[in-house]
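Trainee: Attaching a predicted model along with its sequence, questions to come.
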Amino acid sequence: MAEISLRRARTIIKAALAKGTELGMKPLSVIVLDTGGHVKAFERQDGASPGRFAIAQGKAYGSVMLGMAGTAQQARAENQAFFIAAANAAFDGKLVPVPGGVLVRDAKGAIMGAVGVTGDSSDNDAIAAVAGIEAVGLTAEI
């Protein structure tokens, strides 16, 4: 199984933060997780609240652990709240099932990890995550 290298993770973060700055977003925090849900890299822009690490991690963690991006998790939570509640309990409350948790796929569609972005609206967070993932030539699933 292919994993995201540290170099690519850092580039994803740099590009996601640049997209946020370009679009005038609030200060962002960006995390990249591997397929096991472990942190590869994280950055928090100046002015972003310190609690954003846990939110970014929760967005990405839910995506990689469920194989379901944040937008799909949110829809699932709206339609089957019990499922997301049970999954969140199984994962010790670590899920944040909203947009901004984005799966990273290779050219063959295999999951390589996930990116979590927080700081602006969830939809804008997802836009920044996609920009970061596409900057390294990978596919984003929002």
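Mentor: All right, it came through fine.

Trainee: CA only for contacts and neighbour counts going forward, please
Mentor: Will do.

Trainee: In which helix or strand does the residue of the chain most remote from its centre reside?
Mentor: Each residue of the chain has a distance to the centre, and by Cα atoms, centre = their mean the biggest one is for residue 82: 22.5 Å. Here residue 82, judged by DSSP states H and E, is contained in helix 81-90.

Trainee: and for that helix, what are the contacting residues?
Mentor: Outside of helix 81-90, the residues within contact range by Cα atoms under 8 Å, 6 or more residues apart in numbering are 73, 76, 77, 94, 95, 97.

Trainee: Could you do stretch 55-63 as well?
Mentor: 29-33, 37, 68-70, 73, 94-103, 114-118.

Trainee: rerun at 7 Å
Mentor: Contact partners of stretch 55-63, identified using Cα atoms under 7 Å, 6 or more residues apart in numbering, comprise 29-31, 33, 37, 69-70, 94-98, 100-103, 114-118.

Trainee: and what of stretch 21-33?
Mentor: 9, 13, 17, 39-48, 52-53, 56-57, 60, 113-120.

Trainee: Same check on stretch 40-50?
Mentor: For stretch 40-50, the surrounding residues in contact (Cα under 7 Å, 6+ apart) are 6, 9, 10, 27, 28, 29, 30, 31, 32, 33, 34, 119.

Trainee: Strands along this protein, start to end?
Mentor: Counting by DSSP state E, the chain has these strands, from start to end: 29-33, 39-44, 101-105, 111-118, 139-141.

Trainee: Quick test: name the residue nearest the centre of this structure.
Mentor: residue 116 (2.1 Å).

Trainee: and that residue, what is it in contact with?
Mentor: Contacts of residue 116 by Cα under 7 Å, 6+ apart are 30, 31, 32, 56, 57, 59, 60, 100, 101, 102, 129.

Trainee: What of residue 132?
Mentor: 12, 13, 15, 16 are the contacts of residue 132 under Cα under 7 Å, 6+ apart.
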